[in-house]
Each structure stands twice: as C-alpha cells, then as structure tokens.
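Engineer: following is a predicted model, sequence given first.
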Number of protein chains: 2
Amino acid sequence: MQRVDQRLVRVGLLGCGHVGGALIDLARQQRAPVAARTGIDLDIVKVAVRSASKERSVELDADVVTTDARTLVDDPDIDVIVEVIGGIEPARELILAALAAGKPVVTANKELLANHGAELYAAAAASGVDLLFEAAVAGGIPLMRPLRESLVGEPVGRVMGIVNGTTNYILSQMAEAGAEYGDALAQAQSLGYAERDPTADVEGYDAGAKAAIIATIAFGADVVAGDVYHEGISRITPTDIEFATRLGYVIKLLAIIERLPGAGATPSIAVRVHPALVPVDHPLASVRDSFNAVFIEGDAVGDLMLYGRGAGGPPTASAVFGDLIDAASNLRQRTHAPIGSLSEATIVSIDELDSAFYLNIDVVDRPGVLAEVAGVFGEHGVSIQSMEQSGLNDNARIIFITHSARERAVQATLRALRDLDSVGTVNGVLRVIGDG
Amino acid sequence: MQRVDQRLVRVGLLGCGHVGGALIDLARQQRAPVAARTGIDLDIVKVAVRSASKERSVELDADVVTTDARTLVDDPDIDVIVEVIGGIEPARELILAALAAGKPVVTANKELLANHGAELYAAAAASGVDLLFEAAVAGGIPLMRPLRESLVGEPVGRVMGIVNGTTNYILSQMAEAGAEYGDALAQAQSLGYAERDPTADVEGYDAGAKAAIIATIAFGADVVAGDVYHEGISRITPTDIEFATRLGYVIKLLAIIERLPGAGATPSIAVRVHPALVPVDHPLASVRDSFNAVFIEGDAVGDLMLYGRGAGGPPTASAVFGDLIDAASNLRQRTHAPIGSLSEATIVSIDELDSAFYLNIDVVDRPGVLAEVAGVFGEHGVSIQSMEQSGLNDNARIIFITHSARERAVQATLRALRDLDSVGTVNGVLRVIGDG
C-alpha cells in the first residue's frame, strides 16, 4: 500500500475508559503542534472497547470502534499499540502479540508489569521495538524516563515514593482535618479517589506493585509484586497522627526501594511498602492531598524529588502521549529504547532491615512499669531514643521512639512486651524514616 | 584501525574543573555497572585543560591530558565530546567543530546555549548527532529530558523555576534566620555558594539565561538570554520578608516562562526573572537552602514539580553522565534525539503582563492620606485586594496587595504615588504568584 504521508504514524488503542478517552482528546488537540515540532503525525485509527454501545466522553466514528482487540494487534496498517485495558489478561497476550509483530507498545498497566515485566521486556528486546510505560507508576510524573535514561549511570541508593494518591488523601485528611480513618476513607470514596472495595489501595497492594516496577528500573533487577513486603494504613489512628505531629513528623504511606551494602555477586535489594513517620522538613512531608512524589537519593546527584498527579484520566493520558510520541519517533528512526539487562537480585527480608520505630503502648500506671518495659527493650538490644508517658491510671500509655534497630529484634521486643501483665494493647507500631 | 570492542565509546573531555573532575570520578566508578546494564563501555581517553600543571582532585595519566582542546575535537579516535569549559568562546567553536565532524556533544554550558542555542541545535540537526545539555539548567535535576521527551506533547502553560541556588540560599537565610541581605550574601560567599562578584546570581542574569533555555525547550521557540526581563533580590529587606510571612507568603526568585493566549500565527511567550511572593502552601515555597525546583503547569498533566541540586560538581556531573550514556547509546544505534523545529515566537514585554503586587509604601501619618493614595490606584485602574497600615507618625507605612493588574498600570501608579507630598519612599514592589 502506498503511504501518502511518511510522517503518519497509525495508532491502535486498546481500551477506552478514563485514560483512553483523555488520550483521544489530548491526541486530537495536540496533533498539529506535535507534527510541527517533531515531524510525527499521530492518528488514532482504531479503538478496541469491551462494549461498542457504552456511552463515552469522546465521540468516535463507528468504523474506528471495534470489540475485537486482536484485530488491532494483527492489522498491518497499525504501527503502534497503546494498551490501557489494565489487568493481566487479555492485556498480556495482546501486548506479546503486538511486540512479536514488530509493533511498539505503550502501556499504563502497572499490574501486568509488576507481575510479568521481565517476560514483556524480553519480548520487546527480542523484537527490537519499544515497550514504554511511564504512566504505569506515578501517573503523569516523569519517573520511568528519568530513571531509565537520566539516572542509568547514577549510583542510586534509595528511592522513597508516595505512589498511591488515595492513601495520601486519607492521611492528609486525618492530619489536617483531624478525621478518623473510616471517615477519611468514606470521603475519599465519595470523591471518587477510593474504590468501593478500597483494599488494593489502603492495604498497600497498589503501592507494592509500583514499588516492584521502580525497583526493576532503578536497580536493573527482576523484582515482582510478590517480592514486596507491604503494610497498609487502616490501623493508623488519630492518636498516632497527634503524637507524630507533636514529635515533628508527618505519617505517609511510603514505597521504599533501596540497595543494601553487600559483598555478594548479586545486588541486595530491599523493597517494601508501609506507613512511616517522615520528618516534617523532609520534602516528602509537604506532599499533600492526592498528589504523588518520588524522592531519589543518589551518591552523585544527591537528593531529587519528582512531584505531580499520580492518577486521573488526563495526567495519565499525558504520560501515555509522551511515550507514544517517543515510540513513534523511535519507530521512524528504526531504533528503540531497551530496558537494559536485568540482573538477578537478592531481595532482603524485612526482618533483616534496620529502622527507627515509633511505638505507642498502653501500660498499667504503677511504679516500676517503665523500668520493666525499658528492660524488655534492653534485653532485645533495642535502644530507646526518647520516651514519653501520657495519661494516667487506666489510660496510661508510653510513646517510644527507638534508635535504628533490626526489624526482627523490634518484633521480638513487641512479642515480649505483650506477654507482660503491665502492658495492655500495643496501639501503634510505625517505622521512622531517617537520612540515607 | 581495528576496533577491539564494539561496545567501547571513547570520550574527549573539554575542561577539568569541579564538574569535569567529578565526571571522571563518576565515570570510573560506574564504568562496569553501566557496561553491564547498557552494553556501553565509556572510556574518557583525553582531557583538555587550560594548564597541565594545575593540581586536580582526580589523578590523570600524563598522556591523557592536553592543553590543546582542538586536538580532541579533530581526533578520529574520539567518538563523543563533553564540554564543561563554560563561557562562549572557545566552547562555541569547539562544539561546532565537533558536531561538524559527526561527534555527539554533551555540554553543561548555560551561557552558550542561552545566547547561541539555535545555531548549535541547527548544527547538531544538520550533522544528525546529539547535542545534549541536561546539566545546563538546574544541575542534577532531570528537566531538559522530561521537557524534551515526556512533555513534548503536553500543552504546557507555565513553568516557574527556582533555578539559582545562591539566591535561594540567601532568601532562605533571610526568612529563617532573620538575616539582612548583606549578611546572608556574605554567608553564601563564605560557603562558596556565591562568587566574590555575586552580580550574575543576585541580579538574576544566571536565572535569566536558564529561563531562556527553558522557554526554548518547553515551547519550541527561539528565545535568547537578551529576551528575558530580570530583576534581582538585592533590594529585598527583612521588612518585606516579615510582611510576606505575615500575609502567608514566601519570597522566592522565580524564572517564569509562560505561553500567553493569543490569536496570532506565532505563539506569544513571556519570559522573566524576578522575586515573587509565593503562597506558603505552594510546593515551590518549601524549596529551601540552595536547592532548585521547577514547577510545570500543563493542561493535561496538571501540576508537576522537579526538585533537586541545581549546582555543584557531583550533581552536575551526574546530569552530564546521564547525557553521555544516552549520546553514546544513540551513536551506537546511529540515531539522535533532535531538539525539534524551533518556531518564531513573540516575546511579550513585561509591561503587558498581569500580576498581583505587594507594595510597601512610606506615608505621612495624617487624616486623608489613605484616601488620597487609594485614589491614585483607582485612577490607574489598579484595584486593591487588601491593605494594612503599620507604624505611626514618621514611621507610618501602608502594605498593599493588589488584585491582578497590568504591569504598565502598576508602574504608572507608583510614579504618581511618588509625586504625592504625602508619600515618602516606595520600599518594596514585589509581584505575587497566583494560580495559573
């Protein structure tokens, strides 16, 4: 077939929900300026949807829409595939087929990459085409490209991210409006920030999948969602927030990805998601509402932070669109941006990691209790940085901040404390973030 | 000549000051991991210096060092040139010669790009090789790459940057330690943040050059340093800072680059550098010390901020190293990352821009003065959002915050006020940043 315009790149879009619709809008609005600037004329020629009759925010000609996604992947007149269906299947099969057919793929599919990333990266490398996924982590924030390109030579030591907007909104509401967890969650649900079943967000599964992708790209290691330790925010109380504030901290749900010093042949990596006390003057502490941010610590570059909208149709579509222009440009130049070699990595268990801790413990208010409790810390080699008793009689509690201690030792301390007659409930157990 | 290792890329380094030395250290340390990850084996084979006998922080073999920079550019055994000499000449001539010889160039040269950018971008495009310059603006922060690639399709409306670490340090000291401008400057000088002659930093020339580069890349328009309106921070007083704090603002030196709505064929752009009152809950307000940050407002992506170290040897070297890996990889793939077509743009004069203003005016403390002063605002169509009189008798002053008003009208108001017998000195005139 005669190609009329060498600049034309024909795009097949799989999925037309919030992100797909926003992408169609953005691509229509920016088609002419992008063509003028880059010489690439992007045309979304086919859109695969689940139901052709569903009402959509964008108008689509009938001959553009199909319910058979596979026809887009197989169509020789389609140059690039964008996948915004989400979920593992059929997204995985469609992407693999597109890559095998030599079509670059742009995807926003966090779940798929966090579970089958290595397979997909290998398929893209084998075909010599792009697999780009800026939108899969932290939505509109340029993060994957800086990590893959700008920082590929940087000795990155640690990455800490607020990568789930729902939980950041809930924690911001609890801190700023004094809301209870349940009320803040209900508010997030009424605003559409949280799902009816909020488990994936509030228990840290979503952030864990993103942490796996960040670890893979930042450290060139094959890390999957199942490797990531995660705790959520559902047990955080207004009391924890009140004490954190008084002690100069803000509570944030963090994805923490770090390279540990180690003499082995394979790098040692720790990847985890949990709420943490962040010092109030740390840049992550001022990330409020449903915003996301990723803080990167490098030996040479120092501290970096990338901040923006982690979700929502238009911000996610913006990231997809940037990838799409890049993929189209690379296709024209017959080149691609490989992910690079992934190495094996040792994922270090949370039990072996060190952290300072905030502990909020109900005690019986009688002489000698503090000595008894402090003795348990000492027996387990956990040293106390500060402690404060509050309340009297039946409401007595002690707030401890420990020095950095091995997780295993802190958990053993907590088990021993729970066995004491003088200790009631252990209310809050939160890790405290320090420098590097 | 037989190439022993296809992965080897031989680098010629022009300049070996703080950045060049840090680059050599980083490249040595990361050579093996980068080769393992990317398949690119970077070897800095020649280093051109001004004086061969000068003491350096890095050890260099005698046969690596030369004082004749031109020999590196002309050497067929050198694949890529890194320029960290700074200044216009001989950097310009050397870069043009390298590009003409088909060598990709990585540069950190803000001054050169802000004055001769279009010539250099055209030379790179003509030779089909890379000209990369991440380090030229905001040091180690990935900014050029996100703007050039991630956001090339994004309708960016405004970019606001804290892009000069020296002035941000001075303003932070004034705000947090209550220092006078002169004392904070002296402290910055003693820490090595400010030059003995601090003019380029404190009067906004440095930020202005960076603003020109940002405008060029963000809007695809040919903007040079001379197009940028700039005001510095040397007239800011503790009184201004005190009032700003009380009103809920932080004073920051901002580079502001915006696309103005306009019906013309060429885009209308405003590019300026001046101190401004930033609302305390704006992400830029929490950028302290000598850190830099760039805040980007896009129609689709929403608000983004990129934060990090804007200067210093290792952070700048980190950005150069990322570019170097990219340039080497593109060279191997026989491709390059073009800057895209630059369009003509109309640079709109500051006189025609709208802003809210903070004004701090000494007045004679007698009945009727406020009415008289307010009348002058009204005559010029400048409406007042809030006012507050402080002090009595000879120390009476009024602090005004205006609604958004045309610069020309505000300046006319100030001239008319200065002519009033009841008005003494106009102490502070600062623009106030609002949303969008």
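Structural biologist: Cool, got the structure.
Engineer: isn't residue A:251 up against residue A:428?
Structural biologist: No. Using C-beta atoms under 8 Å as the test, residue A:251 is too far from residue A:428 to be in contact (9.6 Å). Quick note: C-beta positions are derived from backbone N, CA and C, even for glycine.
Engineer: number of nearby residues for residue A:176?
Structural biologist: Neighbourhood size, residue A:176 [other C-beta atoms under 10 Å in any protein chain shown]: 12.
Engineer: correction: residue A:219
Structural biologist: By other C-beta under 10 Å, neighbour count at residue A:219 equals 22.
Engineer: which neighbours do residue A:251 and residue A:428 have in common?
Structural biologist: Common neighbours of residue A:251 and residue A:428, counting by C-beta atoms under 8 Å, 6 or more residues apart in numbering or on different chains, are A:236, A:240.
Engineer: check contacts around the closest residue to chain B within the stretch 151-300 of chain A.
Structural biologist: Using C-beta to the nearest C-beta, the closest approach of the stretch 151-300 of chain A to chain B is made by residue A:300 at 4.0 Å. Residue A:300 sits next to A:154, A:155, B:22, B:26, B:140, B:314, B:315, B:317, B:318, B:321 when contact means C-beta under 8 Å, 6+ apart.
Engineer: would you list the phi and psi of it?
Structural biologist: The phi and psi values for residue A:300, taken as degrees, to the nearest 10, are phi -90, psi -50.
Engineer: local confidence estimate at it?
Structural biologist: At residue A:300, the pLDDT value in this model is 97.
Engineer: likewise for residue A:101?
Structural biologist: At residue A:101, pLDDT is 97.
Engineer: how many other residues sit next to it?
Structural biologist: For residue A:101, the count of nearby residues is 15 (other C-beta under 10 Å).
Engineer: do the one 3 residues further on as well
Structural biologist: Other residues lying near residue A:104 total 27 when counted by other C-beta under 10 Å.
Engineer: do I have it right that it meets residue A:133?
Structural biologist: No. Between residue A:104 and residue A:133 there is no contact under C-beta under 8 Å: 11.6 Å.
Engineer: show me what the strand or helix carrying residue A:81 is packed up against.
Structural biologist: Using DSSP states H and E, residue A:81 sits within strand A:80-83. The contact analysis (3 or more C-beta pairs under 8 Å, 6 or more residues apart in numbering or on different chains; DSSP states H and E) places strand A:80-83 against strand A:8-14, helix A:91-100, strand A:105-107, helix A:313-332.
Engineer: what does it contact?
Structural biologist: Residues from elsewhere that reach strand A:80-83 (C-beta under 8 Å, 6+ apart): A:9-15, A:20, A:23, A:72-73, A:91, A:94-95, A:98, A:103-109, A:320, A:324, A:327-328, A:331.
Engineer: what residue of chain A is the furthest out?
Structural biologist: The C-alpha centroid of chain A is most remote from residue A:367, which lies 46.7 Å away (C-alpha atoms, centre = their mean).
Engineer: contacts for the one helix or strand residue A:158 maps to?
Structural biologist: Following DSSP H and E, one finds residue A:158 within strand A:156-162. In this structure, residues lying in contact with strand A:156-162 by C-beta under 8 Å, 6+ apart are A:138, A:147, A:168, A:207, A:210-211, A:214-215, A:218-219, A:252-259, A:284, A:287, A:291-299, A:310, A:433, A:436.
Engineer: helix or strand right after it?
Structural biologist: Remark: after strand A:156-162, the chain's next helix or strand is helix A:165-177, criterion DSSP H and E.
Engineer: what angle separates that next one from strand A:156-162?
Structural biologist: Angle of helix A:165-177 versus strand A:156-162, following axes from the mean of the first three to the mean of the last three C-alpha atoms, to 10 degrees, is 70 degrees.
Engineer: in whichever helix or strand comes after helix A:165-177, which residues are buried?
Structural biologist: With elements assigned by DSSP H and E, the helix or strand that comes after helix A:165-177 is helix A:181-190. Using 16 or more other C-beta atoms under 10 Å in any protein chain shown as the test for burial, helix A:181-190 gives A:181, A:184, A:185, A:187, A:188, A:189.
Engineer: sorry, back to before: tell me which of the helices and strands packed on strand A:80-83 lies nearest to residue A:37.
Structural biologist: Smallest distance to residue A:37 across these (C-beta to C-beta): 9.2 Å, for helix A:313-332.
Engineer: for that closest one, packing partners?
Structural biologist: strand A:8-14, helix A:18-38, strand A:41-48, strand A:80-83, strand A:105-107, strand A:131-132.
Engineer: distance from the longest one to the middle of the chain?
Structural biologist: To tie it back to what came earlier, the one meant is helix A:18-38. From the chain centre to the centre of helix A:18-38 is a distance of 26 Å (C-alpha atoms, centre = their mean, to the nearest Å).
Engineer: which residues touch it?
Structural biologist: The contact list for helix A:18-38 (C-beta under 8 Å, 6+ apart) reads A:7, A:11, A:13, A:16, A:40-44, A:47, A:56-58, A:60, A:82, A:84, A:108, A:135, A:312-314, A:316-318, A:320-321, A:324-325, A:329, B:152-155, B:220, B:300, B:340-341, B:343.
Engineer: buried among the residues you listed? Need that as a selection in ChimeraX.
Structural biologist: With 16+ other C-beta under 10 Å as the criterion, this ChimeraX line picks the buried residues out of the contacts of helix A:18-38:
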select /A:11,13,16,40,41,42,44,47,60,82,84,108,135,312,313,314,316,317,318,320,321,324,325,329 /B:152,153,154,155,220,300,340
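Engineer: and residue A:146, how far from residue A:174?
Structural biologist: 31 Å (C-beta to C-beta, to the nearest Å).
Engineer: looking at those two, which one has more neighbours?
Structural biologist: A count of neighbours by other C-beta under 10 Å puts residue A:146 above the other of residue A:146 and residue A:174, at 28 against 23.
Engineer: distance of that one relative to chain B?
Structural biologist: 4 Å (C-beta to the nearest C-beta, to the nearest Å).
Engineer: now for residue A:174: which residues touch it?
Structural biologist: A:180, A:181, A:184, A:236, A:238, A:241, A:251.
Engineer: could I get the full set of strands for the stretch 201-350 of chain A?
Structural biologist: Taking DSSP state E, counting those that start in this stretch, the strands of the stretch 201-350 of chain A run over residues A:229-230, A:249-260, A:268-279, A:291-298, A:302-309, A:346-347.
Engineer: the fourth one and chain B, are they touching?
Structural biologist: What it means is strand A:291-298. Yes. Strand A:291-298 lies within reach of chain B by C-beta under 8 Å from any C-beta of the partner chain, at A:291, A:298.
Engineer: what residues sit buried inside the helix-or-strand element of chain A with minimal mean pLDDT?
Structural biologist: Every helix and strand in chain A was compared by mean pLDDT, DSSP states H and E; the lowest is strand A:384-390, with a mean of 90. For strand A:384-390, the neighbour count (16+ other C-beta under 10 Å) marks A:384, A:387 as buried.
Engineer: right, and the helix or strand after that strand?
Structural biologist: Going down the chain from strand A:384-390, the next helix or strand is strand A:397-402, by DSSP H and E.
Engineer: let me see the mean pLDDT of that following strand.
Structural biologist: Averaged over strand A:397-402, pLDDT sits at 94.
Engineer: that strand pairs with which strands, parallel or anti?
Structural biologist: Paired neighbours of strand A:397-402 in the sheet (DSSP bridges): strand A:354-363 (antiparallel), strand A:384-390 (antiparallel).
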